[in-house]
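In: after the sequence you'll find the predicted model.
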Amino acid sequence: MVSIKTTQQGLQDGWTRATFILKKHHLEEIKALAYWERKTIKEVIDEALESYLKGKNLERNRGIEK
């Protein structure tokens, strides 16, 4: 029997569950955008993070040597 963390239950591979604190108006805008674009909040946030992280040199920012 394989033990699965509760944060991983019911999720596809490569996904995890996390809790974040954000400004109320940001959440309201995310919810509205998701509604009008017929997407889930998860999809809107994932697209926003993909866009923000695109082109960032994360290895350098984490202090990881190549």
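Out: That came through, no problem. In this text, all values refer to a predicted model and were calculated from it rather than measured experimentally.
In: quick one: low-confidence residue ranges for this protein.
Out: The chain contains residues with pLDDT under 70 at 60-66.
In: apply 90 and report the result again.
Out: For the chain, residues meeting the criterion pLDDT under 90 lie at 1-14, 16-18, 55-66.
In: name the SS class of the residue nearest to the spatial centre of it, please.
Out: Central residue of the chain (CA atoms, centre = their mean): Asp46, 4.6 Å from the mean position. Under the three-state scheme (DSSP: H, G, I helix; E, B strand; the rest coil), Asp46 adopts helix.
In: from Thr40, how far out is it?
Out: Here the criterion is CB to CB, to the nearest Å. By it, Asp46 lies 9 Å from Thr40. In this view, the C-beta of every residue, glycine as well, is placed from N, C-alpha and C.
In: quick one: Ala32 from Ile41, how far?
Out: Taken as CB to CB, the span from Ala32 to Ile41 is 10 Å.
In: repeat for Lys31
Out: 6 Å.
In: do the same with Leu33
Out: 9 Å.
In: ok, the two, which is more surrounded?
Out: Shown here are Leu33 and Ile41; by other CB atoms under 10 Å, Leu33 has more neighbours (16 against 13).
In: so where does the more buried one fall, helix or strand?
Out: helix 24-36 (DSSP states H and E).
In: please compute how far that helix lies from its chain's middle.
Out: Its chain's C-alpha centre and that of helix 24-36 lie 15 Å apart, by CA atoms, centre = their mean, to the nearest Å.
In: packing partners for that helix?
Out: helix 41-53 (3 or more CB pairs under 8 Å, 6 or more residues apart in numbering; DSSP states H and E).
In: list the buried residues for the helix it packs on?
Out: Val44, Ile45 (16 or more other CB atoms under 10 Å).
In: between helix 24-36 and that helix, find me the angle.
Out: 110 degrees (axes from the mean of the first three to the mean of the last three CA atoms, to 10 degrees).
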